[in-house]
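Asks: For reference, the sequence and a predicted model appear below.
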Number of protein chains: 2
Amino acid sequence: MRTRIVFSGSGGQGVITAAIVLAEAAVIHEGMNATQSQSYGAAARGGATRSDIIISDFDIDFPKVSQPNILICLTQNAYNTYGPIIRPGGTLITDKRFVETTRKVDARQIELPIYENVMDQIGKPIVFNVAVLGALLGIKPLIKDESVLKVIADRVPKDFLEMNTKAFQIGNEIGKAQIA
Amino acid sequence: MRTRIVFSGSGGQGVITAAIVLAEAAVIHEGMNATQSQSYGAAARGGATRSDIIISDFDIDFPKVSQPNILICLTQNAYNTYGPIIRPGGTLITDKRFVETTRKVDARQIELPIYENVMDQIGKPIVFNVAVLGALLGIKPLIKDESVLKVIADRVPKDFLEMNTKAFQIGNEIGKAQIA
């Protein structure tokens, strides 16, 4: 099993943190190997942040993803920049609030109202990234939800844990509804 | 110019955050290219966190560092695990509070009292990672101090900015004293 994921969006959306949480959960709580990397360059200066994650049962030699099985785009800029790299047959996840998909790709396209639900039910954009993680695992149960929630519990100040857990669950239900 | 850095320590020391701040500062404020990556595996489960950063004027194809020019070790475990990978002629930076160096390497070894100074002058271990960044740039002015301070100002809540700036300066002075 080897899953190549690219998480993309803008800096303030917590894309890198979400990627780190996912990679740590796979390693610490599920005994897998994982890499997580950022390449910063012209795209970063233009505002599109990208974080690559590889999760595998085996050793990972090269931490950069060229064709992701799973591509998450949280801004139009990220979608325009990274949309074309999706692996044929992969899964492209976008948030409806931020991305209008403009072309067909040879992948499953899933457009979700994650941001809208986070704002309606919690009202704090800061937990949007955690809700996106929940949605990802709802669609693709790469690792157990509990493993991610444990990493979140270790990272987040106590007073914010309930909000983060709720955000994860909001996203998770939206994701699961896609595969029902 | 291409600098390969490995930042190592334990998860709670903010090693990954420090690496991200350094990479972002190089890219956003100095127009360079940078990559920043984590490989998680057996070492991570044993408690040694490692983050690789490459900063370059040119494109960077491979984001993983095999032999760092600069190796920072903030725990004994990190030193024992990663000490041997230092590039001959490189710079090995450790914190005196956490690491006892046990062998000669073909590199400049710099042992600094960063943690002690942060605790004496600020009393909050949470800004230790920022002080280490300050020390690194004091020893090796890879990029301008202001570039890092700008990224910190963008990331840190307003109420904590002064403490972070102070931590950076404490580390920076300790680092600069090494090259005087």
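Replies: Received it, and whenever you're ready, just let me know what you need.
Asks: does chain B sit close to the longest helix anywhere in chain A?
Replies: Ranked by residue count and defined by DSSP state H, the top helix of chain A is helix A:158-179. No. Helix A:158-179 lies apart from chain B when judged by C-beta under 8 Å from any C-beta of the partner chain; the minimum separation is 12.7 Å. Any C-beta I mention is one placed from the backbone N, CA and C, and that applies to glycine too.
Asks: residues of that helix that come out buried?
Replies: A:163-172, A:174-175 (16 or more other C-beta atoms under 10 Å in any protein chain shown).
Asks: Leaving out the residues flanking it, which one is nearest to the residue in chain A that chain B sits nearest to?
Replies: Residue of chain A nearest chain B, by C-beta to the nearest C-beta: residue A:37 (3.3 Å). Excluding its sequence neighbours, the residue lying closest to residue A:37 (C-beta to C-beta, 6 or more residues apart in numbering or on different chains) is residue B:37, at 3.3 Å.
Asks: What pairs with the host helix or strand of the one you found, parallel or antiparallel?
Replies: Using DSSP states H and E, residue B:37 maps to strand B:33-40. In the sheet, strand B:33-40 lines up against strand A:33-40 (antiparallel), strand B:49-56 (antiparallel) (DSSP bridges).
Asks: Would you mind giving those strands as TSV with mean pLDDT added?
Replies: Formatted as TSV, the strands paired with strand B:33-40 follow (pLDDT from 0 to 100):
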stretch	mean pLDDT
strand A:33-40	90
strand B:49-56	94
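Asks: Quick one: name the residues of chain A near chain B.
Replies: Residues of chain A lying near chain B (C-beta under 8 Å from any C-beta): A:16, A:20, A:23-24, A:26-28, A:31, A:33-41, A:44-45, A:59-60, A:62-64.
Asks: sorry, back to before: contacts for the strand holding residue B:37, please.
Replies: Contact with strand B:33-40 is made by A:20, A:23-24, A:26-28, A:33-41, A:60, A:63, B:16, B:19-20, B:22-24, B:26-27, B:49-60, B:63-64, as judged by C-beta atoms under 8 Å, 6 or more residues apart in numbering or on different chains.
Asks: that older thread, what is the neighbour count of the residue nearest to residue A:37?
Replies: 25 (other C-beta atoms under 10 Å in any protein chain shown).
Asks: Quick check: beta-bridge partners of it?
Replies: Bridge pairing for residue B:37 - DSSP bridges - gives residue A:37, residue B:52.
Asks: roughly how far apart are the residue in chain A sticking out farthest from the centre and residue B:91?
Replies: Relative to the centre of chain A, the most outlying C-alpha is that of residue A:159, 23.8 Å out, by C-alpha atoms, centre = their mean. From residue A:159 across to residue B:91, the span is 40 Å (C-beta to C-beta, to the nearest Å).
Asks: Identify the residues contacting residue A:105.
Replies: Residue A:105 touches A:83-84, A:86, A:92, counting by C-beta under 8 Å, 6+ apart.
Asks: helix/strand/coil for it?
Replies: coil (DSSP: H, G, I helix; E, B strand; the rest coil).
Asks: can you pull the pLDDT of it?
Replies: The predicted structure scores residue A:105 at 87 on the pLDDT scale.
Asks: which one of the strands paired with strand B:33-40 is the most hemmed in?
Replies: Stretch with highest mean neighbour count among these: strand A:33-40 (a mean of 25; mean count of other C-beta atoms under 10 Å in any protein chain shown).
Asks: and residue A:51, what is it in contact with?
Replies: Residues in contact with residue A:51 (C-beta under 8 Å, 6+ apart) are A:6-8, A:15-16, A:18-20, A:36-38.
Asks: do residue A:86 as well
Replies: By C-beta under 8 Å, 6+ apart, the contact set of residue A:86 is A:67-68, A:71, A:92, A:105-107.
Asks: Which one of those sits in the busiest neighbourhood?
Replies: That'd be residue A:71 among these, by other C-beta under 10 Å, with 29 neighbours.
Asks: Look up how far residue A:8 lies from that residue.
Replies: Where residue A:8 is concerned, residue A:71 sits at a distance of 7 Å (C-beta to C-beta).
Asks: ok, how many other residues are close to residue A:26?
Replies: Applying other C-beta under 10 Å, we find 26 other residues in the vicinity of residue A:26.
Asks: quick revisit: what about the longest helix of chain A, average pLDDT?
Replies: Helix A:158-179 comes out at a mean pLDDT of 95.
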